[in-house]
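Q: Test case, fold it:
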Amino acid sequence: MTARDPVADLRRIAFLLERKHSSSYRVRAFRTAANVLATRDDLAGLVRGRGLASVKGVGKTTARCVEQSLAGEEPDYLRELEASPEPDKASRIPPIPVLTGAAAELRAALRGDCHTHSDWSDGGSPIEEMALTARSLGHEYVVLTDHSPRLTVANGLSADRLRRQLDVVAELNQSLAPFRILTGIEVDILEDGALDQQEALLAELDLVVASVHSKLRMPAAEMTERMLTAVANPLVTVLGHCTGRMVVGDRKRPESAFDADAVFDACASHGVAVEINSRPERLDPPRRLIRTALAAGCDFSIDTDAHAPGQLDWLPYGCARAADCGVPPDRIINTRPHPTP
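A: Next comes the predicted model:
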């Protein structure tokens, strides 16, 4: 029999588990095994000698998958995942929509993803792995937007760490061309509307997503002023997950209160795109606010806010909602060769 690539099969399993929003420990088991075995050139010998499960980072289930791959068989675990793409019931997230009509056209028009995270902040995988996955999904580019320093719980990037990341991205782009990793950040909007990073450094980036992550329940008038100040900053490209809501899961929370007409009018005036966040636990903003932003003349960015490779395939959630609200492709910045408003 012709042997399959066991490492590729393990990574495919991890991808599908992430896409289904499975538990992180399960994903980690397969991704760890793939990374460990990618450095070995003696897999067949280990299988023959029944020593595969003794390798640190390889368990009984992952070992069985490798054995089946080397025998030329699709691993049972992988076959079951491919046949059952629905999200894990424990996650309580809605199924990934099957796109037709205008929604399918939107998805086909997207050239990249403007909001993604790596293990430099609170993502689960290296920059290169995120980029390779984005490329495999047909993207022309992916924007790396790890968190800014104030979000310490997410290992936000200091100015020095962000500068080092820019060097890493430049090196990766040489090997990944013509695919491109665009430089960016998800910068916190501070309580006074200032941005949580040195402005001179923000000016060097390809794209800046500005988001509120703290004091989400502040009074509407104060939140409105906070957002208006941020949107007026010429360094901001995208207003991220503007209501901060969570619609499922243990972190479920209501929308922040603000004057949507004023904020979206400012976005339109200053050329700031409104993000249609595709994370299934966010689905932010709700449809009524997408329609308000559309009527205000805003551009949009349909993004995954992915924290793992499998989550890069969540764009259908955003495309379905954008199409429901009548957002045309020419109003979406990541249908363009370079995602600027």
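
Q: For the stretch 1-150 of the chain, give me the ranges with low pLDDT.
A: Where the stretch 1-150 of the chain drops to pLDDT under 70, the residues are 1-3, 49-50.

Q: run the last query once more with 90
A: Residues of the stretch 1-150 of the chain meeting the criterion pLDDT under 90: 1-4, 23-25, 36, 39-57, 70-71, 84-94, 124.

Q: Ok, the stretch 151-300 of the chain next?
A: 153, 248-252.

Q: can you give me the helices in it?
A: Under the criterion DSSP state H, counting those that start in this stretch, helices of the stretch 151-300 of the chain are mapped to 159-176, 199-202, 220-231, 260-270, 287-296.

Q: V58: which of these is closest?
A: Of all the helices of the stretch 151-300 of the chain, it is helix 159-176 that lies closest to V58, at 27.9 Å by C-beta to C-beta. Heads up, the C-betas are built off the backbone N, CA and C, glycines and all.

Q: Which strands or helices does that closest one pack on?
A: Contacts defined by 3 or more C-beta pairs under 8 Å, 6 or more residues apart in numbering; DSSP states H and E place helix 159-176 against helix 127-136, strand 180-188, helix 199-202.

Q: what angle separates that helix from helix 127-136?
A: 50 degrees (axes from the mean of the first three to the mean of the last three C-alpha atoms, to 10 degrees).

Q: on that earlier part again, would you turn the helices and strands packed on helix 159-176 into TSV with mean neighbour count?
A: Shown next, in TSV, are the helices and strands packed on helix 159-176 (neighbours: other C-beta atoms under 10 Å):
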stretch	mean neighbour count
helix 127-136	20
strand 180-188	24
helix 199-202	15
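
Q: now the helices of the stretch 151-300 of the chain as TSV including distance to I93?
A: Below are the helices of the stretch 151-300 of the chain laid out as TSV (distance: least, C-beta to C-beta, whole Å):
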stretch	distance to I93
helix 159-176	30
helix 199-202	33
helix 220-231	27
helix 260-270	25
helix 287-296	17
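
Q: Could you pull up the contacting residues of the residue lying closest to L195 once chain neighbours are set aside?
A: Nearest residue to L195, sequence neighbours excluded (C-beta to C-beta, 6 or more residues apart in numbering): V187, at 4.9 Å. Listed by C-beta atoms under 8 Å, 6 or more residues apart in numbering, the contact set of V187 reads 148, 195-197, 202, 208-211.

Q: same question, P75
A: Residues in contact with P75 (C-beta under 8 Å, 6+ apart) are 9, 13, 64-65, 68-69.

Q: what's the farthest-apart pair in the contacts of V187?
A: Within those, two members stand farthest from each other by C-beta to C-beta: L202 and S211, at 13.8 Å.

Q: Which one, of the helices of the stretch 151-300 of the chain, ends up nearest to S278?
A: helix 287-296 (12.4 Å).

Q: hey, where'd the strands end up in the stretch 51-200 of the chain?
A: 112-116, 141-144, 180-188 (DSSP state E, counting those that start in this stretch).

Q: Same list, the ones you listed, but as CSV with distance to G318 please.
A: Converted to CSV, those look like this (distance: least, C-beta to C-beta, whole Å):
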stretch, distance to G318
strand 112-116, 10
strand 141-144, 15
strand 180-188, 16
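
Q: any idea how far G57 is from the nearest residue to S22 once chain neighbours are set aside?
A: Spatial nearest neighbour of S22, excluding adjacent residues (C-beta to C-beta, 6+ apart): D88 at 5.0 Å. Look at D88 and G57: by C-beta to C-beta, to the nearest Å, they are 23 Å apart.

Q: Also L228?
A: 50 Å.

Q: Just want to know which of these two has more residues nearby.
A: Of the pair L228 and G57, L228 is the one with more neighbours under other C-beta atoms under 10 Å, namely 18 against 14.

Q: for the more buried one, what are its contacts?
A: So L228 contacts 193, 262-263, 266 (C-beta under 8 Å, 6+ apart).

Q: What about S84, how many residues nearby?
A: S84 has 11 neighbours, counted by other C-beta under 10 Å.

Q: try K89
A: Using other C-beta under 10 Å, K89 is surrounded by 8 other residues.

Q: Equivalent analysis for A220, please.
A: 12.

Q: And for it, nearest residue in space, chain neighbours not counted?
A: Leaving out its chain neighbours, the residue that sits closest to A220 by C-beta to C-beta, 6+ apart is A257, at 3.8 Å.

Q: how about the one you found, phi and psi?
A: The phi/psi pair for A257 (degrees, to the nearest 10) reads phi -100, psi 130.

Q: on that earlier part again, which strand residues sit across from the residue nearest to L195 in the sheet?
A: Beta bridges link V187 to A210 when assigned by DSSP bridges.

Q: Use 45 as the first number for this chain going forward.
A: In the new numbering, first residue 45, that becomes V231.

Q: separation between it and R380?
A: 22 Å.

Q: same thing with E111?
A: For E111, the distance to R380 - C-beta to C-beta - is 47 Å.

Q: for A97, same thing?
A: 49 Å.

Q: On the strand side of things, show who the nearest residue to K296 once chain neighbours are set aside bridges to.
A: Spatial nearest neighbour of K296, chain neighbours left out: M290 (5.0 Å); criterion: C-beta to C-beta, 6+ apart. Residues in a beta bridge with M290, per DSSP bridges, are R297.

Q: these two touch, right, M290 and P324?
A: No: at 10.4 Å, M290 does not count as touching P324 under the criterion of C-beta atoms under 8 Å.

Q: Right, I'll leave it there.
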